[in-house]
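*Asks:* Need coordinates for the below:
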Amino acid sequence: MQTTTLRVSEPQEILALVPHRLGFRPRDSAVAVSLRPPRGAVGLVVRVDLPHLADEEDGPLLARTLVAHLGRDGASRAILVLYTDRDPRGEEGSAQPAVRHLREAAADALGDVLVWVVTSTGYLSLDCADDCCPPGGRPLRDLDSTQVGAALVLAGSAVADSREDIARIRPQSGDVRRSVARVRRRWEHRCEEALLAGADAVGRWREDSLSAWRDAVAIVEAGEPGPGGAPWGRIEAGLADRRVRDSVLVALVPGTADLPERCVRTVPSTPELDAALGGAMALILDPSRGVVPPVRATAVNEAVLEAVVARGRTGAQAPALTLLALLAWWRGDGARARLLLDGALDADADYHLAELLDDALMAAIPPGWVRHGD
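*Replies:* Numbers count the residues shown, from 1 in each chain. All right, here's what the predicted structure looks like:
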């Protein structure tokens with residue numbers, strides 16, 4: 001999540017930016033954009049369903065919630081962008097009540113909210129009544145030639161066609177998944193044997209499971225994951241163990257060195273280990289210590305977790321999906337985090353780490369580095 005300074009007199013730049021911030025092209029949506037003082041820097045960009053904001057019962061409460069989020073982001077002004085099929089001026093529909101609810105909620109804190117509309121063919125100002133916005137709006141191709149849009153494309157930013165596409169992980173072929181399943185079952189059997197053998201054997205199994213994660217990271221760093229079952233089946237089985245999952249979580253954080261290995265090796269935990277683990281998590285969560293996730297390492301970690309999901313059992317990937325959601329949230333990609341987390345909770349409605357992250361998303365709590373940046 002980067003802050004791009006834009007002048008409010010350049011609405012087309014903001015309209016070009018919104019899909020890149022969201023990661024997808026919105027449809028039937030209302031998007032509130034925070035403008036921070038002193039020069040209108042774009043801050044929080046938050047999307048809701050347009051019919052929900054327009055609803056006469058739920059809409060006003062949703063509008064107040066949006067305004068509260070913008071206020072916590074430090075907004076002094078705001079823009080509302082509506083994404084709908086056609087020009088809503090002069091017709092009954094969801095646009096007018098949605099705008100009314102948001103403007104009424106924002107009147108005291110943010111003043112008048114400018115409203116822009118993006119249709120399937122053009123863009124326009126909702127309040128424009130003269131020739132500046134012809135019927136159907138100005139052509140969408142104007143948005144493709146903005147400075148912001150060009151800079152984001154050159155920087156490698158891509159926009160998915162739909163919200164669902166930003167979190168879609170396509171399963172591997174049946175042969176690949178059967179190979180992974182054979183390895184997973186063997187690794188689960190080894191875990192059962194270790195549990196019977198005692199704590200030392202369990203510790204070795206956990207260390208070997210973390211070693212499989214390290215192997216997978218090296219494989220992805222070197223190129224595309226291969227078709228074999230190892231180490232993917234070992235990782236899938238290992239992530240079902242909370243200590244292994246937590247050690248992988250710690251391995252996602254930069255500068256943790258051998259802390260993940262210590263996490264699976266030290267039973268019971270020591271005060272020193274607990275302090276080290278707390279310090280690692282503070283780099284994700286703490287507003288005073290939070291860091292931006294490293295781009296290259298985070299992309300590799302996400303690719304490993306996506307490979308586990310694509311090769312693993314369908315509907316049984318709560319650990320990997322939750323870690324993917326955590327990485328997306330840490331990067332500031334709340335839309336992808338929400339969809340991945342929904343998949344994790346569909347797989348296991350009582351998965352505790354997913355529930356904790358769900359609470360953070362529901363409360364619109366950003367990662368530590370975002371709050372530190374404010």
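*Asks:* what's the weakest-modelled helix or strand in the chain?
*Replies:* helix 147-154 (a mean of 58; mean pLDDT, DSSP states H and E).
*Asks:* Tell me the first helix or strand C-terminal of that one.
*Replies:* Next helix or strand after helix 147-154 toward the C-terminus (DSSP states H and E): helix 174-197.
*Asks:* what are the ranges of the strands in the protein?
*Replies:* Remark: strands assigned in the chain by DSSP state E are 29-36, 41-49, 77-83, 114-118, 122-125, 138-139.
*Asks:* For Val295, find the nearest of the ones you listed.
*Replies:* Val295 sits nearest to strand 41-49 of all the strands of the chain, at 20.0 Å, using CB to CB. Just so you know, the C-beta spots here come from the backbone N, C-alpha and C atoms, and that holds for glycine as well.
*Asks:* Identify each buried residue in that closest one, please.
*Replies:* Neighbour-count burial for strand 41-49 flags 42-49 (criterion: 16 or more other CB atoms under 10 Å).
*Asks:* related to what we said a few turns ago, nearest to Arg206, of the strands of the chain?
*Replies:* Smallest distance to Arg206 across the strands of the chain (CB to CB): 39.8 Å, for strand 41-49.
*Asks:* Direction-wise, compare that closest one with strand 77-83 and give the angle.
*Replies:* When axes from the mean of the first three to the mean of the last three CA atoms, to 10 degrees is applied, the directions of strand 41-49 and strand 77-83 differ by 40 degrees.
*Asks:* Could you list the residues in contact with strand 41-49?
*Replies:* With CB atoms under 8 Å, 6 or more residues apart in numbering as the test, strand 41-49 has contacts from 3-6, 14, 17-18, 21-22, 26, 28-36, 62, 66, 69-70, 73-75, 334-335, 364.
*Asks:* Separate out the buried members of those residues.
*Replies:* If we count by 16+ other CB under 10 Å, those have these buried: 6, 14, 17-18, 21-22, 26, 29-36, 62, 66, 69-70, 73, 75, 334-335.
*Asks:* Give me the residue ranges of the stretch 251-374 of the chain where confidence is low.
*Replies:* Counting by pLDDT under 70, the ranges of the stretch 251-374 of the chain that qualify are 371-374.
*Asks:* quick one: pLDDT of the closest residue to Glu188 other than its chain neighbours?
*Replies:* What sits nearest to Glu188 in space, not counting adjacent residues and going by CB to CB, 6 or more residues apart in numbering, is Ala237, at 4.8 Å. Model confidence at Ala237, given as pLDDT, is 97.
*Asks:* Is there a neighbour count for Ala237? I'd like the number.
*Replies:* The tally of other residues near Ala237 (other CB atoms under 10 Å) stands at 23.
*Asks:* what sits against it?
*Replies:* Contacts of Ala237 (CB under 8 Å, 6+ apart): 184, 187-188, 191, 209.
*Asks:* Just send those residues back as a markdown table, with neighbour count too.
*Replies:* Below are the contacts of Ala237 laid out as a markdown table (neighbours: other CB atoms under 10 Å):
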| residue | neighbour count |
| --- | --- |
| Arg184 | 24 |
| Trp187 | 23 |
| Glu188 | 16 |
| Cys191 | 19 |
| Ser209 | 27 |
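*Asks:* quick one on the thing from earlier: output the strands of the chain as a markdown table; include the columns distance to Leu326 and mean pLDDT.
*Replies:* Formatted as a markdown table, the strands of the chain follow (distance: least, CB to CB, whole Å; pLDDT from 0 to 100):
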| stretch | distance to Leu326 | mean pLDDT |
| --- | --- | --- |
| strand 29-36 | 24 | 92 |
| strand 41-49 | 20 | 87 |
| strand 77-83 | 28 | 95 |
| strand 114-118 | 31 | 93 |
| strand 122-125 | 35 | 90 |
| strand 138-139 | 40 | 84 |
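*Asks:* for the ones you listed, which one sits closest to Leu339?
*Replies:* strand 41-49 (12.3 Å).
*Asks:* Quick one: work out the angle between the closest one and strand 29-36.
*Replies:* Going by the same axes, to 10 degrees, strand 41-49 makes 160 degrees with strand 29-36.
*Asks:* Distance from strand 41-49 to the middle of the chain?
*Replies:* Distance, stretch centre to chain centre, for strand 41-49: 14 Å (CA atoms, centre = their mean, to the nearest Å).
*Asks:* Domain parsing of the protein, as residue ranges.
*Replies:* Listed by automatic domain parsing, the domain ranges of the chain are 11-162, 174-373.
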